[in-house]
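Q: 3D model of this:
(chains A and B)
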Amino acid sequence: GAVVSQHPSWVICKSGTSVKIECRSLDFQATTMFWYRQFPKQSLMLMATSNEGSKATYEQGVEKDKFLINHASLTLSTLTVTSAHPEDSSFYICSAMLDRTPYGYTFGSGTRLTVV
Amino acid sequence: AQSVTQPDIHITVSEGASLELRCNYSYGATPYLFWYVQSPGQGLQLLLKYFSGDTLVQGIKGFEAEFKRSQSSFNLRKPSVHWSDAAEYFCAVAKGGNTPLVFGKGTRLSVIA
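A: Numbers count the residues shown, from 1 in each chain, chains lettered A, B, ... in the order given. You can find the predicted model right below:
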């Protein structure tokens, strides 16, 4: 079946540094990927929609300069948290679509980011 | 915009008892409906989904859900809960096509002996 690999599964970084999270579709081409953020004991909030070869579409309130999304190929989307601060600590999850249909929502296993 | 409401933040059931988790959606047309389960610190696992057809959907792990258009609901049920079912459950909706899932706030399920 469709598999999305997300790395790293967890990362600890110092304030002010940048962290890159990768989301790869292993056995299918994902023209669209979604990035979610989840605070402890809360729901998943959509951050942005990433389309291959074009700029990401960010949800209201999400800082596009802080959360850089790149979808340069049909199998890879990356989320870079720039100049990270402790309040950026969260669980980040990516999701990829297969064939532009809701049949193909596949989620990565998530990345736990801790900024110290 | 579509939205999803899960009225119950936390539910506790005894092992072997039946379970129903509520989900209501707000959307003009028939949306695509999903239930996911998440264990602590883990990603999401799809339990079941509804697009069209039979309104009673069977999923994995013995779960089922029923789509009721008149009530804008998609409640998740299981006839006999196991201790391993303790987790967070999310209902989600999509408009279809190239749109993202919108999640409810989730219901945490605790299972007691």
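Q: Quick check: residues of chain B near chain A?
A: Residues of chain B lying close to chain A by C-beta under 8 Å from any C-beta of the partner chain are B:32, B:34, B:36, B:41-44, B:46, B:49, B:51, B:90, B:94, B:96-98, B:100-106, B:108. (Glycine included, C-beta is placed from N, CA and C.)
Q: residues in contact with B:Gln45?
A: B:Tyr36, B:Val37, B:Gln38, B:Ile60 (C-beta atoms under 8 Å, 6 or more residues apart in numbering or on different chains).
Q: in what helix or strand does it lie?
A: Secondary structure assignment for B:Gln45, by DSSP states H and E: strand B:44-50.
Q: Now do the SS call for A:Arg24.
A: Classification of A:Arg24 by DSSP: H, G, I helix; E, B strand; the rest coil places it in strand.
Q: thinking again about what came up before, residues of the strand holding B:Gln45 that come out buried?
A: B:Leu44, B:Leu47, B:Leu48, B:Lys49, B:Tyr50 (16 or more other C-beta atoms under 10 Å in any protein chain shown).
Q: Am I right that the fourth one is in contact with B:Pro31?
A: Translated: B:Lys49. No: between B:Lys49 and B:Pro31 there is no contact under C-beta atoms under 8 Å: 10.9 Å.
Q: rewinding a little: just checking: what are the partner strands of the strand holding B:Gln45?
A: When pairing is defined by DSSP bridges, strand B:44-50 lines up against strand B:32-38 (antiparallel).
Q: can you pull out the strands in chain A?
A: A:4-7, A:10-13, A:19-25, A:32-38, A:44-51, A:57-58, A:67-73, A:76-81, A:90-98, A:101-107, A:111-115 (DSSP state E).
Q: hey, least reliable of those strands by pLDDT?
A: In terms of mean pLDDT, the lowest-scoring of these is strand A:101-107 (a mean of 71).
Q: before we move on, back to that, from the buried residues of strand B:44-50, which is closest to A:Thr78?
A: Nearest to A:Thr78 out of those is B:Leu44 (C-beta to C-beta; 20.1 Å).
Q: residues in contact with that closest one?
A: Shown in contact with B:Leu44 (C-beta under 8 Å, 6+ apart): A:Leu44, A:Ile93, A:Phe107, B:Tyr36, B:Val37, B:Gln38, B:Phe90.
Q: which of these has the most neighbours?
A: A:Leu44 (29 neighbours; other C-beta atoms under 10 Å in any protein chain shown).
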